[in-house]
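Novice: Using only what follows, build the 3D model:
(chains A and B)
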Amino acid sequence: MNDALFSQLSTLGSSVILLYGFTLLWRKSLHAYTVAFQWQSIALTFLFLIIGYFGHDVELYYVAGFLFVLKVLILPRYLGKLEQRFPGERESRPYVNVATSLVVAGLLVLLAYAITRPLVLVSDLPTRGGLPLAVGLIFVGLFVIITRKKALTQIVGFLVMENGIALLAALGTYGIPLIIELGVFLDVLMGFLVMQVFVYHIHDTFESIDVDQLNELRH
Amino acid sequence: MTWLLVVMIAGYGIGAVGALTLGRSLFVRAAATSGAIIGAGAAFILGSANLLSGQTLTIQISDILPITGFALRLDGLGAFFLVVIGLLGVPVALYSFGYSAAYEGRYSLRLIGAMLNGLLLTLSLQVMADNALTFLLLWETMSLSAYWLVVTEHDQPGTLQAGGWYIAMTHIGFAALVAMFLLLSGGDAMSTSFAAMRANALTLAPLARDAVFLLALFGFGSKAGVVPLHVWLPMAHPVAPSHVSALMSGVVIKMGIYGLLRVTLDLLGGGPAWWGALVLAVGTVTALLGVLYALMEHDLKRLLAFHSVENIGIILIGIGAGLIFRSYGLMALATLGFIGGLYHTINHASFKGLLFLGAGSVLHATGTRNMEEMGGLIKRMPWTALFFLIGAAAISALPPLNGFVSEWLVFQALLGGFNIPVPEVAVAFPLAVGMLALTSGLAAACFVKAFGISFLAIPRSHEAEHAHEAPLSMRIGMAILALACIALGLAPFSVVPLLGGVLAGLGGLPDTRSVFTLDLMVQAPAGFAQVSPTWIGLGLLILLALIPLVMRLMHVNRKRRVSDTWGCGRIGQTPRMEYTATSFAEPLRRVFAELYRPTKELSIDFHPESKYFVKSIKYSSRITPLFDRVLYDPLLRLIQRISRQVRRIQTGSLHLYLMYVAVILILLLIAARWF
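Specialist: Presented below is the predicted three-dimensional model:
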């Protein structure tokens, strides 16, 4: 009974997290991306708490706490600042349009199911149902980075991909050791700060935060 | 002896940290120098103690490096090279105190001081490395610290390019070394300790052993500067600060020799005759081409760098002969060959170190490396001239200096070649003798040029006219090495048995300490030759004393006259009328024109009124280096062509690059799932 509930809850949570990932594909305003990422992180926090509760792992509560502080409070705040710094920037013309993006993303999730099938078959974890969704989220994040032009969108894409990896780790192993988790958080924060600096520099150089202008740097 | 090791590491460490942290530049230089002197001094004592006692020092620190730990073991071979490092390290450190003063405000003294200590530290530990990971780690650190020292004068033209060549060549060699150690570690067991490799080498297939040897020759050869891998040497040595050039030429390239001996003789335990023949052939070509290109150089430090190539060749001739004799079981002759090679290694370190320091003093005083702008320096810097002359005589193998002894030993080893029962092989030896003799002769000619043009006659430029003697610290540094040249030349009877002890047991070589006795004579084991540089030196001294005596007896007029040199009856003598380095080398340029392919350019500017009045004549001549023409230029063109093709996928679009990553990731996942 307990296991069945745990299994359903974790699959549900993973689905919600993946759905927030899809949000990036059909919205065009940068603000919507920040909000989507924030909600996704909240969902991820809850999922960590759920796994911690059912898996009897106190460490995951701490991880959830850190996750909440970093990805729900700090990063969206910085993202908001970036938005205000560049008002009027919209993801108006991505390389792949919204309809096609959704189809491709759907196919990527199918691919994730196909790829993780052997793993799901041999696994006896209650959380195994969420594994394909986590891999799918990683693919979707990567897809966002590839097809979207604004530097800010790409940062959010990267963060979403990172959420996918964290989700995969939590579902697959019930949480990696706290010290590694902390290292990953620090990594994300540093990566984000570096990218933020780059966004400012790109804007200073090209008067825009379109990444596709970077190919002018080739000589 | 462990405490000596600790003193050594602490010395270098204090030197490096002191140089980085102290404030005033005087203190920075003093810290770097004293740290390096303590470290190199301890290295010298540690090496000598080990050589004399024959004990082996083993230290294993497992926490520093993953998997294998940091393993050090000092045996005879390592101890010998440690002595070489210490012997050159102390004077170089002392010299750098005075020499780097000129760098103040232009380049970072801290970096120079710290890197000098770092380089000496890695060099000293390199010869003790006892597993592959330790060896490779130190090898890489050594290469990188040497690189930073080479590019010290980064704003001068050509420096960064030279550094680039050096780092590229050393890394190509490094790749070969990694492959070599992987082969030696033997696939599945993957044991990287040298002891395991020694055992493993016996069970390797002959083809794998050959591959290991060839990789070692290539990898270590690129560090030693073996033709055709020598191209970085004449570029990197001249642009480095002179004390660094001395260190590079004296010990860094010797690490190639050390590695080659360690792997072929110690780890592999010797091999078939063709290994030795290959080393002998490579050594002969290296020696001859090195000296031939040195003859054409008028840049004093480039000239010395080409001579390093030449001397590496001579060392390899000794080692190659040793390997051949060993494969035919002629152990005494084999030992003689190896002893010749090793002896020449320490000799080259001392006289080439001395010559580079001398060239550095000249550069310090005149600001130029071009010999055509020097001249008359013997009157302005007598000490430097004396030391340079000692070095030049030593490298030209004049008795009773050290170059003579080691070249004599190599010659004796080669002359023993008739003992080999196979005629094809035995024939190769006289050929090598001829080449080596030609090399020695040309080297002497080259140093007549180097010393004569730089130090004699009247100054050719304003800078040379106002040259000044080097400061005390630099003179002491040179004096130590000059004394080493003399001592190593006069006392081979005590050095040769020590080298015999170094080689005893390596690759099945016998203990020859009793064969080469503590006699005043050094005797070739074949029993047909012996020499005593001590007696030669004594004889020369007596001869020198006889000259004034005879003059007195013959009532020669001893009054001193001061006047101009006779100049064919011309009224005034100007530096323009002097013999130049170019003209000195001209006959050889013609004789070896096929090799040099010289290009000449003569442009005469006439007076507009009449063709009989010449306003100016411009003459320039340069040679095309053989290996640039036939090897490196085509190779570079090929790489550039491939790179241009590869650039097509490098569009500059970030999205496309990310796309590559994603596609590869997905393809890999699919492959892992279904294939």
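Novice: What's the nearest residue in the stretch 451-600 of chain B when you look at chain A?
Specialist: Distances between the stretch 451-600 of chain B and chain A by CB to the nearest CB are smallest at residue B:599, namely 34.0 Å. C-betas here are computed from N, CA, C, even on glycine.
Novice: err, the stretch 251-400 of chain B, not the other one
Specialist: Counting by CB to the nearest CB, the stretch 251-400 of chain B gets nearest to chain A through residue B:302 (33.7 Å).
Novice: Not counting sequence-adjacent ones, nearest residue to residue 118?
Specialist: Defaulting to chain A. residue B:673 (7.0 Å; CB to CB, 6 or more residues apart in numbering or on different chains).
Novice: wrong chain, I was asking about chain B
Specialist: With CB to CB, 6+ apart as the measure, residue B:145 is the residue that lies nearest to residue B:118, at 4.4 Å, once sequence neighbours are left out.
Novice: how far away is that neighbour from residue B:599?
Specialist: Separation of residue B:145 from residue B:599 (CB to CB, to the nearest Å): 39 Å.
Novice: out of the two, which sits in the busier spot?
Specialist: residue B:145 (22 against 10; other CB atoms under 10 Å in any protein chain shown).
Novice: List the contacts of stretch B:477-485.
Specialist: Around stretch B:477-485, the neighbours that count as contacts under CB atoms under 8 Å, 6 or more residues apart in numbering or on different chains are B:87-88, B:90-95, B:98, B:243, B:347, B:350-351, B:353-354, B:357-358, B:361, B:383-384, B:386-387, B:390-391, B:394, B:401-403, B:470.
Novice: Just the buried positions in that stretch, please.
Specialist: B:477-482, B:484-485 (16 or more other CB atoms under 10 Å in any protein chain shown).
Novice: Touching, the residue nearest to residue A:118 and residue A:113? I think so.
Specialist: No: with contact taken as CB atoms under 8 Å, residue B:673 and residue A:113 are classed as non-touching, separated by 11.1 Å.
Novice: Quick one: residues contacting residue 111.
Specialist: Reading this off chain A. Residue A:111 makes contact with A:139, B:666, B:670 under the criterion CB under 8 Å, 6+ apart.
Novice: try again with chain B
Specialist: Each residue near residue B:111 by CB under 8 Å, 6+ apart is listed here: B:148, B:152.
Novice: does it sit in a helix or strand, and which one?
Specialist: In this structure, residue B:111 is located in helix B:109-126 according to DSSP states H and E.
Novice: Quick one: mean pLDDT over that helix.
Specialist: Here helix B:109-126 scores 93 as its mean pLDDT.
Novice: With stretch B:374-393 instead?
Specialist: Computed over stretch B:374-393, the average pLDDT equals 92.
Novice: Not counting sequence-adjacent ones, nearest residue to the spatially most central residue of chain A?
Specialist: With distances taken as CA atoms, centre = their mean, residue A:160 lies nearest the centre of chain A, 1.4 Å away. With sequence-adjacent residues excluded and distances taken as CB to CB, 6+ apart, residue A:160 is closest to residue A:141, at 4.1 Å.
Novice: Residue A:154 is in contact with that neighbour, correct?
Specialist: No: checked against CB under 8 Å, the pair residue A:141 and residue A:154 is beyond contact range at 10.0 Å.
Novice: show me the residues around the residue nearest to residue B:317 when sequence neighbours are not counted that make contact.
Specialist: Beyond its immediate neighbours in the sequence, the residue positioned closest to residue B:317 (CB to CB, 6+ apart) is residue B:283, lying 4.0 Å away. With contacts defined as CB under 8 Å, 6+ apart, residue B:283 is in contact with B:226, B:312-320.
Novice: mind redoing it with 10 Å?
Specialist: With CB atoms under 10 Å, 6 or more residues apart in numbering or on different chains as the criterion, the residues that contact residue B:283 are B:226-227, B:312-321, B:341, B:410, B:432, B:435-436.
Novice: residues contacting the residue nearest to the centre of chain A?
Specialist: Listed by CB under 10 Å, 6+ apart, the contact partners of residue A:160 are A:17-18, A:20-21, A:23-24, A:33, A:36-37, A:40-41, A:137-138, A:140-142, A:144-145.
Novice: try it again with 8 Å
Specialist: Counted by CB under 8 Å, 6+ apart, residue A:160 has contacts A:21, A:24, A:37, A:40, A:137, A:140-141, A:144.
Novice: Tell me which of those fall in helices.
Specialist: Applying DSSP state H to the contacts of residue A:160, the entries found in helices are A:21, A:24, A:37, A:40, A:137, A:140-141, A:144.
Novice: If you rank these by neighbours, which is first?
Specialist: Neighbour-wise, the ones in helices among the contacts of residue A:160 (other CB under 10 Å) top out at residue A:137, 32 neighbours.
Novice: Excluding chain neighbours, what is closest to that one?
Specialist: Counting by CB to CB, 6+ apart, residue A:164 is the residue found nearest to residue A:137 once chain neighbours are left out, at 3.5 Å.
Novice: With residue B:416 instead?
Specialist: residue B:333 (4.5 Å).
Novice: just checking, what packs against the helix or strand of chain A with the lowest mean pLDDT?
Specialist: Within chain A, judged by mean pLDDT, DSSP states H and E, the helix or strand with the poorest mean is helix A:178-206; its value is a mean of 86. Using 3 or more CB pairs under 8 Å, 6 or more residues apart in numbering or on different chains; DSSP states H and E as the contact criterion, the neighbours of helix A:178-206 among helices and strands are helix A:59-67, helix A:75-85, helix A:151-173.
Novice: now these in TSV, with mean pLDDT?
Specialist: Below are those laid out as TSV (pLDDT from 0 to 100):
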stretch	mean pLDDT
helix A:59-67	89
helix A:75-85	88
helix A:151-173	89
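Novice: Please report how far the residue nearest to residue B:317 lies from residue B:221.
Specialist: From residue B:283 over to residue B:221 the distance is 10 Å, taken as CB to CB.
Novice: re earlier: give me the number of residues near the residue of the stretch 251-400 of chain B closest to chain A?
Specialist: The burial count for residue B:302: 22, using other CB under 10 Å.
Novice: correct me, but it touches residue B:236?
Specialist: No: shown here, residue B:302 and residue B:236 do not form a contact pair, counting by CB under 8 Å, at 10.5 Å.
Novice: Next, show the common contact partners of these two.
Specialist: Contact with both residue B:302 and residue B:236 is made by no residue, according to CB under 8 Å, 6+ apart.
Novice: Got the phi and psi for residue B:603?
Specialist: Here is the backbone geometry of residue B:603 (degrees, to the nearest 10): phi -130, psi 130.
Novice: for the one 3 residues further on, same thing?
Specialist: In this entry, residue B:606 is assigned phi and psi values of phi -90, psi 160 (degrees, to the nearest 10).
Novice: what's the nearest residue to it if we skip its chain neighbours?
Specialist: For residue B:606, ignoring the flanking residues on the chain, the nearest one in space by CB to CB, 6+ apart is residue B:614 at 6.0 Å.
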